[in-house]
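Visitor: Based on what follows, work out the 3D shape:
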Amino acid sequence: MASKYCIVCSSRLNMFSTFVGCIDGPICKSCLKHMKCVLTPENVESMHNQTLNEIRESHGLDPININENVIKANAIADGQIPAESSSEAIVPVEEVDPELAAIEAFTPTDSITKQIKFDDKSKQVIISKFRHIVYSPKVYTLHSYNDIVDFEYEEDGHVVTASGMGKALIGGALFGGLGFIGGGLMGRGKVKGDKCTKMGVKIIYLDNGKHETVYIPFIETSTKKNSFSYRVNKELAEKLILKLMDITKIVEDEKALAAPTNDLAETIKGYKQLLDDEAITQEEFDMLKRKAMGLDV
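Guide: Numbering: from 1, shown residues only. The predicted model follows:
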């Protein structure tokens with residue numbers, strides 16, 4: 001079967017690829033993300049009836065030309081034109097997918113499981129929804145620490161520890177989080193019983209404007225709680241939760257540092273408007289500005 005290609009980056013699509021079709025052809029998930037397309041059902045339906053450049057224009061982007069080889073290869077894959085008898089269909093030269101290149105260059109500072117890896121230097125994380133994987137950049141998506149929305153640690157269907165971040169951030173706990181107080185986690189304590197049949201961490205994160213969930217399992221079969229296996233996996237799950245808490249603190253600290261700067265800028269902007277309106281003199285403006293900046297007046 002002939003392959004189809006993204007009409008933006010010319011990357012080859014397969015049965016595992018996520019893409020949205022428009023009048024001109026398919027657009028891969030990475031390109032949709034870079035175009036800042038939010039994939040709600042309504043938006044996807046609308047894109048089906050638009051050309052590529054109509055979509056780009058609606059997002060304030062300049063028009064682009066589609067590779068002619070891509071158009072031909074996609075037409076062959078759709079059966080609109082016959083494949084060349086002398087050789088296989090023309091294969092477009094694939095451009096470098098910027099997100100894939102970033103994932104390939106990703107150097108984690110912390111890697112607790114194969115499904116999620118962290119880089120504190122760039123404040124980015126790569127996530128895979130595949131539980132049992134051999135490392136391949138194509139099974140991961142790249143996100144900033146700001147994209148982490150909520151998380152919780154579960155045993156046998158009971159929430160042991162939850163961040164409650166969802167409640168604070170979007171008006172309702174996505175997991176029924178129990179609260180995030182003073183940099184600490186709230187939980188419901190230990191789960192009764194001498195065996196654990198399921199242990200894992202759920203994480204909600206933003207991907208292309210949509211909330212996505214990944215479940216990272218640590219125990220999937222009946223395991224005695226006094227066993228070495230249980231202790232090791234529990235330590236790993238707790239280590240992941242603590243890492244996510246560290247990320248929460250990093251994001252909160254950055255917001256706290258940014259807030260005074262934003263307030264100061266708004267204050268000075270207000271003084272400048274008064275100066276422009278001739279409500280205050282230049283001397284008064286200079287004095288107010290220095291005072292707002294904490295300088296001697």
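Visitor: Y271 contacts A292, doesn't it?
Guide: Yes. Shown here, Y271 and A292 form a contact pair, counting by C-beta atoms under 8 Å, at 7.3 Å. (C-beta placed from N, C-alpha, C; glycine too.)
Visitor: Same drill for the two, tell me which one is more crowded.
Guide: For Y271 versus A292, neighbours defined as other C-beta atoms under 10 Å are more numerous around Y271 (19 against 15).
Visitor: Please give me every residue in contact with the more buried one.
Guide: 280, 285, 288-289, 292 (C-beta atoms under 8 Å, 6 or more residues apart in numbering).
Visitor: Spell out, range by range, the helices that occur in this structure.
Guide: Listed in chain order, the helices of the chain (DSSP state H) span 29-34, 41-48, 52-58, 68-77, 98-104, 165-170, 228-276, 282-292.
Visitor: wait, which of the ones you listed is closest to D147?
Guide: helix 228-276 (9.7 Å; C-beta to C-beta).
Visitor: count of residues packed around S122?
Guide: Residues near S122, counting by other C-beta under 10 Å, number 15.
Visitor: what pLDDT does it get?
Guide: pLDDT, S122: 90.
Visitor: again with T113
Guide: 90.
Visitor: Would you confirm that it contacts K239?
Guide: No. T113 lies out of contact with K239 (C-beta under 8 Å); the separation is 9.6 Å.
Visitor: who has more neighbours, these two?
Guide: T113 (16 against 13).
Visitor: Could you check how far the residue nearest to the more buried one when sequence neighbours are not counted is from Q282?
Guide: What sits nearest to T113 in space, not counting adjacent residues and going by C-beta to C-beta, 6 or more residues apart in numbering, is I216, at 5.7 Å. Distance of I216 to Q282, computed by C-beta to C-beta, to the nearest Å: 60 Å.
Visitor: okay, those two: which has more neighbours?
Guide: The neighbour comparison of I216 against Q282 (other C-beta under 10 Å) goes to I216, with 23 against 8.
Visitor: For the nearest residue to N208 once chain neighbours are set aside, report the pLDDT, please.
Guide: Of all residues not flanking N208 in the chain, K33 sits nearest, at 4.7 Å (C-beta to C-beta, 6+ apart). Model confidence at K33, given as pLDDT, is 83.
Visitor: next one: S85
Guide: pLDDT, S85: 43.
Visitor: the strands in the stretch 101-250 of the chain, which residues?
Guide: Ranges of strands in the stretch 101-250 of the chain, per DSSP state E, counting those that start in this stretch, are 110-113, 116-119, 124-127, 141-144, 148-155, 158-162, 180-181, 184-187, 195-196, 199-207, 210-219, 223-224.
Visitor: what's in contact with the longest one?
Guide: The reference is to strand 210-219. Contacts for strand 210-219 (C-beta under 8 Å, 6+ apart): 38-40, 113, 115-116, 127-129, 131, 149, 174, 196-206, 229-230, 233-234, 236-237, 240.
Visitor: Starting from that strand, tell me which strands it pairs with and how they run.
Guide: Its sheet considered, strand 210-219 pairs with strand 199-207 (antiparallel) by DSSP bridges.
Visitor: And for the second one?
Guide: Under the criterion DSSP bridges, strand 116-119 sits next to strand 110-113 (antiparallel), strand 124-127 (antiparallel) in its sheet.
Visitor: which parts of that strand are buried?
Guide: Across strand 116-119, burial judged by 16 or more other C-beta atoms under 10 Å covers 116-119.
Visitor: Any chance of JSON lines for those residues, columns pLDDT and distance to V70?
Guide: Listed next are the buried residues of strand 116-119 as JSON lines, based on pLDDT from 0 to 100; distance: C-beta to C-beta, whole Å:
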{"residue": "I116", "pLDDT": "93", "distance to V70": "34"}
{"residue": "K117", "pLDDT": "93", "distance to V70": "32"}
{"residue": "F118", "pLDDT": "95", "distance to V70": "36"}
{"residue": "D119", "pLDDT": "93", "distance to V70": "33"}
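Visitor: Check the closest residue to D207 other than its chain neighbours and give its pLDDT.
Guide: Using C-beta to C-beta, 6+ apart and skipping residues adjacent in sequence, the residue nearest D207 is T141, 6.0 Å away. T141 is assigned a pLDDT of 89 by the prediction.
Visitor: again with D97
Guide: Taking D97 on its own, its pLDDT is 68.
Visitor: Mean neighbour count, the strands paired with strand 116-119: which tops it?
Guide: Most buried of the strands paired with strand 116-119 by mean neighbour count (mean count of other C-beta atoms under 10 Å) is strand 124-127; its value is a mean of 21.
Visitor: centre of the chain versus that strand, how much separation?
Guide: Centroid displacement of strand 124-127 relative to its chain, using C-alpha atoms, centre = their mean, to the nearest Å, is 8 Å.
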